[in-house]
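Engineer: need a 3D model of the following:
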Amino acid sequence: MKIDAATLDRIAELARLDLSDPAEREKMLGGMQRVINFVEKLNEVDTTGVEPLIFLTEETDVLRDDIAASATTQEEALRNAPVKDSDYFKVPRVVG
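Structural biologist: Numbers count the residues shown, from 1 in each chain. Below you'll find the model as predicted:
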């Protein structure tokens, strides 16, 4: 498959790319053509009898149990607050 100027213009339009510079257009056209050539080369490989690869490994994730625990008490949280009330942080009003 050959990428022509019309195809490049359509891709640039869809991707919202500004390819007004002729040197940049040529560079982009060459890079896209190399990608297409690579994919066409991959299509030449005979994959008859090869199972599709779904997972890269047979390993499964080992996760710990999710146990809720409180790590910081209210007193500990308020201890370093610059301005506080008896039970809450005091912050400047942001809505008038």
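Engineer: ok, now which ones touch residue 85?
Structural biologist: For residue 85, no contacting residues are found, by C-beta atoms under 8 Å, 6 or more residues apart in numbering. All C-beta spots, glycine's among them, are computed from the backbone N, C-alpha and C.
Engineer: before we move on, what about residue 36?
Structural biologist: Residue 36 neighbours (C-beta under 8 Å, 6+ apart): 1, 3.
Engineer: and it, how far is that from residue 19?
Structural biologist: Counting by C-beta to C-beta, to the nearest Å, the gap from residue 36 to residue 19 is 17 Å.
Engineer: got it, and residue 85?
Structural biologist: From residue 85 to residue 19 the distance is 59 Å (C-beta to C-beta).
Engineer: equivalent analysis for residue 31, please.
Structural biologist: 12 Å.
Engineer: the helices in this structure, which residues?
Structural biologist: 5-14, 22-43, 74-79 (DSSP state H).
Engineer: save the ones you listed as a markdown table, and put in distance to residue 96 and mean pLDDT too.
Structural biologist: Below are those laid out as a markdown table (distance: least, C-beta to C-beta, whole Å; pLDDT from 0 to 100):
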| stretch | distance to residue 96 | mean pLDDT |
| --- | --- | --- |
| helix 5-14 | 45 | 93 |
| helix 22-43 | 50 | 93 |
| helix 74-79 | 27 | 87 |
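Engineer: can I get those in CSV including distance to residue 91?
Structural biologist: Shown next, in CSV, are those (distance: least, C-beta to C-beta, whole Å):
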stretch, distance to residue 91
helix 5-14, 46
helix 22-43, 50
helix 74-79, 13
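Engineer: for residue 90, which of those is the nearest?
Structural biologist: helix 74-79 (10.2 Å; C-beta to C-beta).
Engineer: which non-adjacent residue is nearest residue 33?
Structural biologist: Sequence neighbours aside, residue 3 is the residue nearest to residue 33 in space, at 5.3 Å (criterion: C-beta to C-beta, 6 or more residues apart in numbering).
Engineer: that neighbour: neighbour count?
Structural biologist: Neighbour count for residue 3, taken as other C-beta atoms under 10 Å: 17.
Engineer: for residue 90, see how far away the residue nearest to the spatial centre of the chain is.
Structural biologist: In the chain, the centroid-proximal residue (C-alpha atoms, centre = their mean) is residue 15; its distance is 16.5 Å. Distance, residue 15 to residue 90, using C-beta to C-beta: 50 Å.
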